[in-house]
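Undergrad: Show me how the following folds:
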Amino acid sequence: MRGVTEASRPPVPWPDDDVPLLDEVMPWSVAPLRFGRAWVLAPDVRTLRARWDRLVAAEGGEREALFRPSRARTTGTAVAALPGQRTGTGRFARETGPCPEPVRVASGPFDEQWLLPDHRLIDAARPELWRVAGGPQLFAVEQGYVPGAAGPPLLVTGALPEGRSPAGRPGRIRPLFRRPGGEEPNLAPGLLGFLRERYGPADPVRWLAWTVAAAVPSPAGCRVPLPADPEAWAAGTALGRELLDVQARGALTGTRPRLPGGRRPYVRAAFPPRPESLSYDSEGEVLSVGEGRVSPVPAAAWEYRVGGARVLEQWFARRTAPAGAGTLEAIGPSAWPQEWTSELLDLITVLALLGAREAERAPFTAGGGPGRAALRAAGVLPVPDRARRPASVLDHQEEGPEGQFMLL
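TA: Next comes the predicted model:
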């Protein structure tokens, strides 16, 4: 088994307190979602529908036990519907209807799964994120700081993120825009003007691209060093835009990431119905999924880590870990679904592309440009308190508990 490659090593945490924190320049952030019960999330839609049907078929104490109540949610809890979702708002103890349409979410680094978007089932769903999701929205997910851990400090996704950290350290979720439809960037007031004056073209996506290229971890959170000149800004935003598009699965270009023809991974031997192990042969570039074989799998894909954890191993473990008998989590596919194989090939592609270019970030993490003192002198920092709160939505009705409507 190979060790961490040089390309996958994180930059040394930035020692200079004058380097801006991401928290200062993208001030509105939200804590990770907290589901409270694992069965509301699954890698495939059929599993979620089967779990829902089993739950609503149960009655009384059995339903309550299967539900897995918490302090925040029981079958008797009445809560509002999630923004944009058409689900029941009556107490779940009385629920008999069909399964709501599952939604795609980013659950952990590069792991897209499906979620039952019913607010009655989720301890902390962060409705403010649901209000701004969709369209051109992108979410920057700051990874929890782990000293010396390999991997990028910041990931970007177009899907609603859970904010899960493989190291168990909570980070923050930072939407690029504060309102639906790509309205009002979530940036410190005056930041874009500051950047344009020094570097030329600057907009919200260019800024996010720069952070992907330049962000470094620190105990206080991600820091984003600014460049010394317009040439470095142009080069960094160009690299960051390519990395961002790969991370977000083609959200900017509309084209799914692909490796060159001769390097695309293929299934060379069929996967068994229930693979129990994952291993890698670096000499043959072969990923073994039980008795199944995938190749070529570049070493950069196998070695790619976030928070020090190998992404491919985490992805596989979340689909094969045993669940307790008699629980809703135990309801799952009887055999490895074909779509998981397709998703695995896509994931290998994404990790290979990112891992191969990780070393290119190093010149931009060095900074050398203006810092917090310059931003304060320009009036960009400190940010006003209102910039740290979600934007008000005054013209949209959402269904509250027990079918009541509330005006936001």
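Undergrad: for the stretch 201-350 of the chain, what spans make up the strands?
TA: 266-269, 278-281, 286-289, 292-295, 305-306, 309-310 (DSSP state E, counting those that start in this stretch).
Undergrad: now stretch 187-200: how far from the chain's centre is it?
TA: 27 Å (CA atoms, centre = their mean, to the nearest Å).
Undergrad: can you list the residues that contact it?
TA: Contacts to stretch 187-200, defined as CB atoms under 8 Å, 6 or more residues apart in numbering, come from residues 24-27, 185, 202-204, 207, 227, 229-230, 233-234, 369-370, 375, 378-381, 383-384, 387. Just so you know, the C-beta spots here come from the backbone N, C-alpha and C atoms, and that holds for glycine as well.
Undergrad: Filter the residues you listed down to the ones in helices?
TA: Counting by DSSP state H, these place 24, 25, 204, 207, 230, 233, 234, 375 in helices.
Undergrad: Whichever of those end up buried, select them in PyMOL.
TA: In PyMOL syntax, the buried subset of the ones in helices among the contacts of stretch 187-200 is picked out as below (16 or more other CB atoms under 10 Å):
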select buried, resi 24+25+204+207+233+375
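Undergrad: Can you give me the end-to-end span of stretch 180-189?
TA: 19 Å (CA to CA, to the nearest Å).
Undergrad: in that stretch, what counts as buried?
TA: 180, 182, 185, 186, 187, 188.
Undergrad: any idea how far residue 37 is from the second one?
TA: If I follow you right, that is residue 182. 33 Å (CB to CB, to the nearest Å).
Undergrad: buried set for the longest helix belonging to the chain?
TA: When the chain is parsed with DSSP H, its longest helix is helix 338-357. By neighbour count with 16+ other CB under 10 Å, helix 338-357 contains the buried residues 340-341, 343-357.
Undergrad: picking up where we left off before, with distance to residue 253 and pLDDT added, can I get the ones in helices among the contacts of stretch 187-200 in a markdown table?
TA: Listed next are those as a markdown table, based on distance: CB to CB, whole Å; pLDDT from 0 to 100:
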| residue | distance to residue 253 | pLDDT |
| --- | --- | --- |
| 24 | 30 | 97 |
| 25 | 26 | 98 |
| 204 | 17 | 98 |
| 207 | 18 | 98 |
| 230 | 24 | 98 |
| 233 | 21 | 98 |
| 234 | 19 | 98 |
| 375 | 31 | 98 |
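Undergrad: where does the protein have low pLDDT?
TA: 1-15, 167-169, 393-400, 402-408 (pLDDT under 70).
Undergrad: Distance of residue 242 relative to residue 312?
TA: Counting by CB to CB, the gap from residue 242 to residue 312 is 22 Å.
Undergrad: Compare these two (neighbour count), which wins?
TA: When residue 242 and residue 312 are compared for neighbours, residue 312 comes out ahead with 23 against 20, by other CB atoms under 10 Å.
Undergrad: which residues of this protein fall in helices?
TA: Counting by DSSP H, the chain has helices at residues 22-25, 45-57, 60-67, 127-132, 191-199, 204-214, 230-247, 299-303, 311-320, 338-357, 362-365, 372-377.
Undergrad: Let me know which of those helices is tucked in deepest.
TA: Comparing the helices of the chain by mean neighbour count (mean count of other CB atoms under 10 Å), helix 204-214 ranks first with a mean of 25.
Undergrad: Pipe the helices of the chain into JSON lines and attach distance to residue 111 per row.
TA: As requested, those are exported to JSON lines (distance: least, CB to CB, whole Å):
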{"stretch": "helix 22-25", "distance to residue 111": "22"}
{"stretch": "helix 45-57", "distance to residue 111": "15"}
{"stretch": "helix 60-67", "distance to residue 111": "25"}
{"stretch": "helix 127-132", "distance to residue 111": "18"}
{"stretch": "helix 191-199", "distance to residue 111": "31"}
{"stretch": "helix 204-214", "distance to residue 111": "19"}
{"stretch": "helix 230-247", "distance to residue 111": "13"}
{"stretch": "helix 299-303", "distance to residue 111": "14"}
{"stretch": "helix 311-320", "distance to residue 111": "5"}
{"stretch": "helix 338-357", "distance to residue 111": "8"}
{"stretch": "helix 362-365", "distance to residue 111": "26"}
{"stretch": "helix 372-377", "distance to residue 111": "34"}
